[in-house]
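Enquirer: Mind folding the following:
(one chain, ligands or ions: 1)
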Amino acid sequence: MLENDGAAATQRLFFALWPSAELSAGLADIAAAAARRFGGQVSRRESLHLTLAFLGDVPGEAIPALLAAGRQVVAAPFHLQIDRLGFWRHNRLLWAGCAPVPGLQALAGELVAALAAAGQPLPERQRTFAPHLTLARKLPAATSIAEVGDFPCTSLPEWSCSRFVLVASRPSAAGSIYSPLAEFPLSA
Ligand code: 2AM
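Expert: Sure, this is the predicted structure:
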């Protein structure tokens, strides 16, 4: 008998907002320009996203509870204007972000609460929400945070957020491959 016989496989999962093709294209252009200036490995255009809650490795049996949690979330649609870049030295990551948006914070908070209510609480260290889209990784550690902050991140289309997704992540030679498993509408 196979060791895993009868058990659904473990998957690496996260909830996220996924940008439109137009916004992804604009972000990918900025990522490419920033990587030319600062170095680093750019994220693939089709992989760009904003993580709401990172679940990590989840056994298949837990997926119905995650889907139920996603359906339980009551949050209104909102808009984001991605207009700034940042650099985190601890993980050498270049990111794009926006001014604080109450609707985004509310959605992330609702999701954390729904996961806990569904018996799938996020680990404590995953509960701090730092909204960002990873544009590039492995920048030089000495990269200037001030220079990244001054790098142009303008003219991106407004992001109209009206749904969020549960996504599975699989490693590949070309970086992580993301597959949407389910989507959840936002409505007031
Ligand atoms: P990152 O881009 O900042 O690394 C899929 O890996 C998504 O989950 C990415 O958005 C990634 O964020 C995020 N992620 C991966 N590991 C994480 C962790 N330990 N805590 C929070 N988010 C994580």
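Enquirer: So the residue lying closest to Q11 once chain neighbours are set aside versus the ligand, what's the distance?
Expert: Once flanking residues are discounted, Q11 sits nearest to A168: 4.8 Å by C-beta to C-beta, 6 or more residues apart in numbering. Any C-beta I mention is one placed from the backbone N, CA and C, and that applies to glycine too. For A168, the distance to the ligand equals 10 Å [C-beta to the nearest ligand atom, to the nearest Å].
Enquirer: so what's A168 up against?
Expert: The contact partners of A168, taken as C-beta atoms under 8 Å, 6 or more residues apart in numbering, are Q11, R12, L13, Y178, S179, L181.
Enquirer: does it sit in a helix, a strand or a coil?
Expert: Following DSSP: H, G, I helix; E, B strand; the rest coil, A168 is assigned to strand.
Enquirer: Can stretch 122-136 be said to contact the ligand?
Expert: Yes. Stretch 122-136 reaches the ligand (C-beta under 6 Å from any ligand atom) through Q126, T134.
Enquirer: Now find how far off-centre that stretch is within its chain.
Expert: What separates the centre of stretch 122-136 from the centre of its chain is 8 Å, taken as C-alpha atoms, centre = their mean, to the nearest Å.
Enquirer: Buried residues, that stretch. List them.
Expert: For stretch 122-136, the neighbour count (16 or more other C-beta atoms under 10 Å) marks L122, F129, P131, H132, L133, T134, L135, A136 as buried.
Enquirer: on that earlier part again, closest to H90 out of the contacts of A168?
Expert: The closest of these to H90 turns out to be R12 (C-beta to C-beta; 21.2 Å).
Enquirer: What strand or helix carries that closest one?
Expert: strand 11-17 (DSSP states H and E).
Enquirer: Report whether the longest helix along the chain contacts the ligand.
Expert: For the chain, the longest helix by residue count, based on DSSP state H, is helix 21-38. No. Helix 21-38 lies out of reach of the ligand by C-beta under 6 Å from any ligand atom, never closer than 12.3 Å.
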